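J.: The sequence isn't on hand, but the structure is:
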């Protein structure tokens, strides 16, 4: 609907109506089934997703198809509404003989088809260049013989237009220019099957960076096909440079130093995984909960805790400076949030590894915000961590006896409690929604959990719980405001108005119907007894 596109389409339609662009007289689009099939095949070179959008836009109709992959439905619509027109057929139909048309029907239908064909190609080319669809699928099918907008126009011109050489030059004078050319890189399958090998050429990594940073110019800098190590390093460097411009530090936190392009190209798995975790934390985890919002939530929890206990409980548990447990501000705030919530239940949280290994902390986070969803009595508080905490002392002898592995029966019982916590957490998280199932009991029990996985799970959980708590808080405010403005309930008003009588017409009708039914039943029984 832009003004420039409308002006171009009007000029093209005027060019067709005046006859300066017209179909050859020996090409009978309405009657020649071979021609109709050839034009249909050219249009089906487009991806069904794009073709459906184009047809619905230029014809102003919703296609009667079930899904975007319904090629048969698209074909029927093109034959009936693109290569044919019921309005034109009705206008030129013979008054007495069915399926016979007056003179001028072929020319009118040819003009209609030519207008719509040129408009469709122009619209789809512009839509692709402006990324009308966010995931940006290929404009043409991968197995199509035509993969260029110009080639499509030239093929149509050679076969069906009269007196036209290169129709793109003629159309360019009218403002209709097309430029999309589908390349092999656009058709590439970016699915990752093996992290150890699929990221080494830099192509998939660049695609990920493009989607995250919305910088669509990276693909034009790549060298394809990738057949040498130097090309792999170049492509990977393009992605890493874009990440640095986005403010991501490439320090791997390892002895090897920073993450370099040759490390990814050589398949250095530790640095590859470190890079992926940086992408997850920067573009996903840190975005889930805003830092300012998380700070307000931690402050609110601490204030509520101090008011309920009368003392600074966090200082009593962790000392004057509680550990933040993370290398970044976001990770530290997440740990402080967990500490503030678990302080209500006298549970100590020191890190994102061992403290989360028994499932208690995660279950308590859900219970604190949604006690109806996860009651406290369903959480197994007697675990290996609680056993060690309750039985440890300063001397080494007591610490050795505090180990639950010495009592096999007790150890199995504690392990079953921890498995129950993770099973319960999984069920409730599925009910919450939007929290990906990253944690599994087998990866948490009898080992030190992966810190990054736990941090990612806590971040998703924090975002979801804070969102729900804000919604619940808003509902309570609305309810309180309603009660203040309406102190007398509807039932009390009804009783005060007419005691013992229904107030609304529907209630009166219902009561009358019930009374009539009861009276009829009594009369029926009375008559039965008399006879």
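T.: Received it, and whenever you're ready, just let me know what you need. The structure displayed is predicted, hence computed values, not measured ones.

J.: ok, residue 189 to residue 142 distance?
T.: Separation of residue 189 from residue 142 (CB to CB, to the nearest Å) stands at 9 Å. (Each C-beta comes from the backbone N, C-alpha and C, glycine too.)

J.: how distant is whichever strand or helix holds residue 76 from the center of its chain?
T.: In the assignment (DSSP states H and E), residue 76 maps to helix 71-77. The chain centroid and the centroid of helix 71-77 are separated by 29 Å, computed with CA atoms, centre = their mean, to the nearest Å.

J.: and that helix, what does it pack onto?
T.: Here helix 71-77 touches helix 48-59, going by 3 or more CB pairs under 8 Å, 6 or more residues apart in numbering; DSSP states H and E.

J.: cutoff 6 Å now
T.: Helix 71-77 sits against no helix or strand, with contacts defined as 3 or more CB pairs under 6 Å, 6 or more residues apart in numbering; DSSP states H and E.

J.: Quick one: name whatever helix or strand follows that helix.
T.: Next in line after helix 71-77, if elements are assigned by DSSP H and E, sits helix 86-91.

J.: average model confidence for the helix or strand that comes right after that next one?
T.: Of the helices and strands lying after helix 86-91 in sequence (DSSP H and E), the nearest is helix 105-129. The average pLDDT within helix 105-129 is 93.

J.: what about residue 353, neighbour count?
T.: 16 (other CB atoms under 10 Å).

J.: Ignore what I typed, I meant residue 222.
T.: 18.

J.: correct me, but it touches residue 235?
T.: Yes: counting by CB atoms under 6 Å, residue 222 does reach residue 235; the two are 5.1 Å apart.

J.: Now residue 13. Nearest residue, chain neighbours left out?
T.: residue 115 (5.4 Å; CB to CB, 6 or more residues apart in numbering).

J.: Quick check: the one you found vs residue 51, distance?
T.: Residue 115 is 17 Å from residue 51, by CB to CB.

J.: what does residue 105 give?
T.: Between residue 105 and residue 51 the distance is 27 Å, computed by CB to CB.

J.: just residue 69 next, same as before
T.: Where residue 51 is concerned, residue 69 sits at a distance of 11 Å (CB to CB).

J.: who's more crowded, those two?
T.: residue 51 (24 against 12).

J.: which regions of the protein sit below the pLDDT cut-off?
T.: 1, 252-256, 285-289, 320-329, 391-407, 487-507, 530-531 (pLDDT under 70).

J.: any idea which residue sits dead centre in it?
T.: By CA atoms, centre = their mean, the chain has its centre lying nearest to residue 434, at 9.9 Å.

J.: Correct me if wrong: that residue contacts residue 465.
T.: No: Residue 434 is not in contact with residue 465 according to CB under 6 Å; the separation is 10.7 Å.

J.: still on that earlier bit, which one of residue 189 and residue 142 has more residues nearby?
T.: Counted by other CB under 10 Å, residue 189 and residue 142 do not tie: residue 142 has more neighbours, with 12 against 8.

J.: and that one, what does it touch?
T.: By CB atoms under 6 Å, 6 or more residues apart in numbering, the contact list for residue 142 reads residue 187.

J.: same thing but 10 Å
T.: Residue 142 is in contact with 47, 182, 184, 186-187, 189, counting by CB atoms under 10 Å, 6 or more residues apart in numbering.

J.: Put together TSV for those residues, with secondary structure on each row.
T.: What follows is the contacts of residue 142, written out as TSV (DSSP: H, G, I helix; E, B strand; the rest coil):
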residue	secondary structure
47	coil
182	coil
184	coil
186	coil
187	coil
189	coil
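
J.: What subset of these is buried?
T.: Neighbour-count burial (16 or more other CB atoms under 10 Å) applied to the contacts of residue 142 gives 47, 182, 186.

J.: May I have the phi/psi pair for the last one?
T.: Phi and psi for residue 186, reported as degrees, to the nearest 10, are phi -70, psi -30.

J.: Now it: closest residue in space, sequence neighbours ignored.
T.: Per CB to CB, 6+ apart, closest to residue 186 is residue 138, 5.5 Å.

J.: Look at the one you found and say how many residues are nearby.
T.: 18.
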